[in-house]
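J.: Got a predicted structure here, sequence first:
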Amino acid sequence: MDLIKRLNQQLQALDDQQLIRKRRTVNSPCGARVNVDGRELLAFCSNDYLGLANHRKIKLALQEGAAIYGVGSGASHLISGHVRAHAMLEERLAEFVGAHLEKPRAISFCTGYMANLAVITGLTAGDKEAEIFSEELNHASLIDGVRLSRVKAHVYPHADLQALEVLLKASHAATKVVVTDSVFSMDGNLAPLPQLLALCEQHNAWLVVDDAHGFGTLGDKGHGALEHFNLRSPYLVYMGTLGKAAGVGGAFIAAHETVIETLIQKARPYIFTTATPPALAHALLTSLDLLEGEEGATRRAQLQALVAQLDDGLRLERWQRLPSKTAIQPILIGDNAETMRAGAALYEQGLWIGAIRPPTVAPGTARLRVTLSAAHNSMDVAKLIGALNALERDMK
Ligand SMILES: *Cc1c(COP(=O)(O)O)cnc(C)c1O
């Protein structure tokens, strides 16, 4: 068949550029140590930042949720799939980040990818007087949301407040939407949210904050980037994911109640999909209790201690640890081939670390993306430090 042949040619072209990606099948729960092909690996690549993905209490809550609600929700939220567990979760999420918003309300989604499509299209699609201002290093789901909205969009350079200000000043749009990650996924640094918010307030623009990596990990209570920076504004539209630090899955938008009502009425990634199994929403209530409580605080402190240990211990010369204080700790290598070789060598030693190359990151900035988790202990991180220091020397 010609169609298959054509696809195979396209796959071969990817392979020729060494851009074929391979999945590895994991035979154990998510954790610091995972089993792959019968081997135990020390994993520094998950987004399970607080080690909750295999937490006993959340697993019990999931079982309990299945006992109460069964498995499937059976329909989309606007038909008959909006179950009490979803309603309770949304109320709880609105409280969780509500101190930073005005008239807070929350809406839950199956995934963060869908939440981002929903919030951007929901705020802008079909509005000829809307414009979007999107940060250069935004996550793919935000970029896709911008594309799907089909309104005029500007990409401003990374963390460049002046460039953004020039764009906002020049815009006559009635609806302006500035969109940014809070913690950049491939760099681990924070967006200048206080300054971005000031600009948005000054120019009457929404500030959509994707806090996928901050929710649960930033702030004393784990409430995320808005707590970390102590922000409060009616201009804020907050997106948090529930499959990273929260350890389960799904996502939510929290904002002024009118924004949320707009999403319920208009956002197609909300309307035209089956609601998540209610048992997941039920399990998330336990996860949120853990995040906010003493255990969350202890786990965040553990994570911060490991970040400090890595910072102290690495002795790199050619490679460069990016200046990040979050769980995302990239080691910039630059060259694609060297990065892939480094990743493979570490894997041989039983250390599983994501090797990231273009187009996920800019050309010439290939890197090892180390992610730390409260599930790791200091011996795990010492092993990582030793391996990275030695490997950099050996690969000269
Ligand atoms: C992971 C991630 C998402 C997508 O969330 P999912 O729940 O995995 O779909 C969105 N934005 C950022 C910055 C992310 O890192």
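T.: Yes, it's here.

J.: Make sure residue 224 is actually in contact with residue 193.
T.: No: with contact defined as C-beta atoms under 8 Å, residue 224 does not reach residue 193; the gap is 10.5 Å. C-beta coordinates here come from the backbone N, C-alpha and C atoms, glycine included.

J.: Around the ligand, which positions in the stretch 1-150 of the chain sit nearby?
T.: Proximity of the stretch 1-150 of the chain to the ligand (C-beta under 6 Å from any ligand atom) is limited to residues 111-113, 116, 139, 141.

J.: Most neighbours of all those, which one?
T.: Highest neighbour count within these: residue 116, with 30 neighbours (other C-beta atoms under 10 Å).

J.: Which other helices and strands does the strand or helix carrying it contact?
T.: Using DSSP states H and E, residue 116 maps to helix 112-124. Here helix 112-124 touches strand 130-135, helix 140-149, strand 175-181, strand 205-210, strand 236-241, strand 251-256, helix 257-266, helix 268-271, going by 3 or more C-beta pairs under 8 Å, 6 or more residues apart in numbering; DSSP states H and E.

J.: Give the rounded mean pLDDT of it.
T.: For helix 112-124, mean pLDDT rounds to 98.

J.: Now residue 351. Its backbone dihedrals?
T.: phi -110, psi 120 (degrees, to the nearest 10).

J.: Distance-wise, check it relative to residue 379.
T.: 13 Å (C-beta to C-beta, to the nearest Å).

J.: quick one, what contacts whichever residue of the stretch 51-200 of the chain sits closest to the ligand?
T.: Per C-beta to the nearest ligand atom, the residue of the stretch 51-200 of the chain with the smallest distance to the ligand is residue 112, at 2.2 Å. Residues near residue 112 by C-beta atoms under 8 Å, 6 or more residues apart in numbering: 141, 210, 212, 239, 241, 243, 251.

J.: Of these, which is the most crowded?
T.: Of the contacts of residue 112, with other C-beta under 10 Å as the count, residue 210 tops at 32 neighbours.

J.: you'd agree residue 325 is up against residue 307?
T.: Yes: counting by C-beta under 8 Å, residue 325 does reach residue 307; the two are 6.2 Å apart.

J.: Neighbour count: the two, which is higher?
T.: The neighbour count for residue 325 versus residue 307, taken as other C-beta under 10 Å, is higher for residue 307 (19 against 15).

J.: Can you tell me the element the more buried one falls in?
T.: helix 294-313.

J.: How about residues contacting the helix or strand following that helix?
T.: Following helix 294-313 in sequence order, the next helix or strand is strand 320-321 (DSSP H and E). Where contact means C-beta under 8 Å, 6+ apart, the residues beyond strand 320-321 that reach it are 310-311, 314, 329-332.
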